[in-house]
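A.B. asks: mind folding the following:
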Amino acid sequence: MDGVDLQRRWPAYPTAVVFLSYAAGKAAFALQARLGLPSGPVVSAAEHERYAREVMDVAPHSGVRALGLLGACLVLATVTALGGRVPRPLMLLMLVGMTLAAGAGAVVMIVDGFIGIGVGWQ
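C.D. replies: This next block holds a predicted model:
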(Lines give C-alpha, C1' and ligand atoms only; values in the text may rest on other atoms or scores of the structure.)
Protein backbone atom coordinates (compact mmCIF):
# COMPACT_ATOMS: atom_id res chain seq x y z
CA MET A 1 0.00 0.00 0.00
CA ASP A 2 1.61 3.25 -1.06
CA GLY A 3 1.24 6.64 0.68
CA VAL A 4 -1.38 8.02 -1.71
CA ASP A 5 -3.56 4.93 -1.30
CA LEU A 6 -3.31 5.18 2.48
CA GLN A 7 -4.21 8.88 2.32
CA ARG A 8 -7.43 8.05 0.51
CA ARG A 9 -8.40 5.16 2.79
CA TRP A 10 -7.74 6.33 6.34
CA PRO A 11 -10.95 8.42 6.79
CA ALA A 12 -13.08 5.32 6.26
CA TYR A 13 -11.79 3.60 9.38
CA PRO A 14 -12.68 6.29 11.97
CA THR A 15 -16.01 6.79 10.19
CA ALA A 16 -16.76 3.08 10.58
CA VAL A 17 -15.83 3.32 14.27
CA VAL A 18 -18.32 6.19 14.69
CA PHE A 19 -21.11 4.18 13.04
CA LEU A 20 -20.30 1.11 15.16
CA SER A 21 -20.15 3.20 18.35
CA TYR A 22 -23.55 4.68 17.57
CA ALA A 23 -25.03 1.23 16.95
CA ALA A 24 -23.47 -0.14 20.15
CA GLY A 25 -24.81 2.77 22.21
CA LYS A 26 -28.30 2.32 20.83
CA ALA A 27 -28.11 -1.45 21.43
CA ALA A 28 -27.05 -0.90 25.04
CA PHE A 29 -29.96 1.49 25.60
CA ALA A 30 -32.39 -0.95 23.96
CA LEU A 31 -31.23 -3.78 26.22
CA GLN A 32 -31.99 -1.54 29.20
CA ALA A 33 -35.32 -0.47 27.61
CA ARG A 34 -34.12 3.13 27.77
CA LEU A 35 -34.78 5.89 25.29
CA GLY A 36 -32.38 8.50 23.92
CA LEU A 37 -28.67 8.72 23.28
CA PRO A 38 -25.91 7.73 25.71
CA SER A 39 -24.59 11.30 25.78
CA GLY A 40 -28.01 12.94 25.70
CA PRO A 41 -30.38 14.07 28.43
CA VAL A 42 -32.22 11.60 30.64
CA VAL A 43 -35.73 10.93 29.33
CA SER A 44 -38.40 10.99 32.02
CA ALA A 45 -40.53 7.91 32.69
CA ALA A 46 -43.68 9.75 31.56
CA GLU A 47 -42.08 10.78 28.27
CA HIS A 48 -40.80 7.22 27.79
CA GLU A 49 -44.31 5.81 28.29
CA ARG A 50 -45.82 8.34 25.88
CA TYR A 51 -43.23 7.52 23.24
CA ALA A 52 -43.74 3.75 23.66
CA ARG A 53 -47.51 4.15 23.44
CA GLU A 54 -47.70 6.63 20.55
CA VAL A 55 -44.65 5.85 18.44
CA MET A 56 -43.08 2.45 19.12
CA ASP A 57 -41.89 0.18 21.88
CA VAL A 58 -38.30 1.00 22.74
CA ALA A 59 -36.72 -2.39 23.50
CA PRO A 60 -37.40 -4.42 20.33
CA HIS A 61 -36.66 -1.59 17.90
CA SER A 62 -33.57 -2.74 15.99
CA GLY A 63 -33.79 -0.61 12.85
CA VAL A 64 -31.57 2.13 14.22
CA ARG A 65 -28.90 -0.35 15.28
CA ALA A 66 -29.10 -2.04 11.89
CA LEU A 67 -28.54 1.29 10.17
CA GLY A 68 -25.41 1.86 12.23
CA LEU A 69 -24.04 -1.55 11.30
CA LEU A 70 -25.02 -1.09 7.66
CA GLY A 71 -23.32 2.30 7.60
CA ALA A 72 -20.10 0.85 9.02
CA CYS A 73 -20.10 -1.99 6.49
CA LEU A 74 -20.81 0.40 3.63
CA VAL A 75 -18.02 2.77 4.64
CA LEU A 76 -15.54 -0.09 4.89
CA ALA A 77 -16.71 -1.48 1.56
CA THR A 78 -15.68 1.74 -0.15
CA VAL A 79 -12.01 1.06 0.66
CA THR A 80 -11.76 -2.73 0.50
CA ALA A 81 -11.33 -5.11 -2.40
CA LEU A 82 -14.78 -6.59 -1.78
CA GLY A 83 -16.38 -3.17 -2.21
CA GLY A 84 -14.35 -2.63 -5.38
CA ARG A 85 -16.40 -5.36 -7.05
CA VAL A 86 -19.66 -3.48 -6.43
CA PRO A 87 -20.66 -1.39 -9.46
CA ARG A 88 -19.90 2.29 -8.85
CA PRO A 89 -23.44 3.56 -9.57
CA LEU A 90 -24.84 1.09 -7.01
CA MET A 91 -22.21 2.09 -4.42
CA LEU A 92 -22.97 5.77 -5.05
CA LEU A 93 -26.68 5.14 -4.66
CA MET A 94 -26.12 3.37 -1.33
CA LEU A 95 -23.81 6.14 -0.08
CA VAL A 96 -26.31 8.83 -1.06
CA GLY A 97 -29.06 6.88 0.73
CA MET A 98 -27.02 6.62 3.93
CA THR A 99 -26.11 10.31 3.72
CA LEU A 100 -29.77 11.28 3.31
CA ALA A 101 -30.79 9.04 6.24
CA ALA A 102 -28.12 10.53 8.52
CA GLY A 103 -28.98 14.04 7.33
CA ALA A 104 -32.68 13.50 7.99
CA GLY A 105 -31.87 12.34 11.52
CA ALA A 106 -29.74 15.43 12.06
CA VAL A 107 -32.51 17.72 10.80
CA VAL A 108 -35.05 16.07 13.11
CA MET A 109 -32.72 16.54 16.08
CA ILE A 110 -32.11 20.19 15.22
CA VAL A 111 -35.80 20.96 14.71
CA ASP A 112 -36.60 19.06 17.91
CA GLY A 113 -34.09 21.17 19.78
CA PHE A 114 -35.66 24.44 18.67
CA ILE A 115 -39.35 23.54 18.41
CA GLY A 116 -39.73 20.46 20.57
CA ILE A 117 -41.43 18.00 18.19
CA GLY A 118 -40.79 14.92 20.28
CA VAL A 119 -38.47 13.31 22.78
CA GLY A 120 -35.30 15.32 22.99
CA TRP A 121 -33.83 18.54 24.23
CA GLN A 122 -36.66 20.75 25.39
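
A.B. asks: show me the shaky parts of this protein.
C.D. replies: The chain contains residues with pLDDT under 70 at 1-6, 30-43, 48, 51-65, 117-122.

A.B. asks: what helices and strands are in contact with the longest helix seen in it?
C.D. replies: When the chain is parsed with DSSP state H, its longest helix is helix 88-115. Helices and strands touching helix 88-115, by 3 or more CB pairs under 8 Å, 6 or more residues apart in numbering; DSSP states H and E, are helix 63-77. Using the backbone N, CA and C atoms, a C-beta is placed for each residue, glycine as well.

A.B. asks: packing partners for the helix it packs on?
C.D. replies: Helix 63-77 packs on helix 12-31, helix 88-115, going by 3+ CB pairs under 8 Å, 6+ apart.

A.B. asks: buried stuff in it?
C.D. replies: Residues R65, L67, G68, L69, L70, G71, A72, L74, V75, L76, A77 are the ones in helix 63-77 that count as buried (16 or more other CB atoms under 10 Å).
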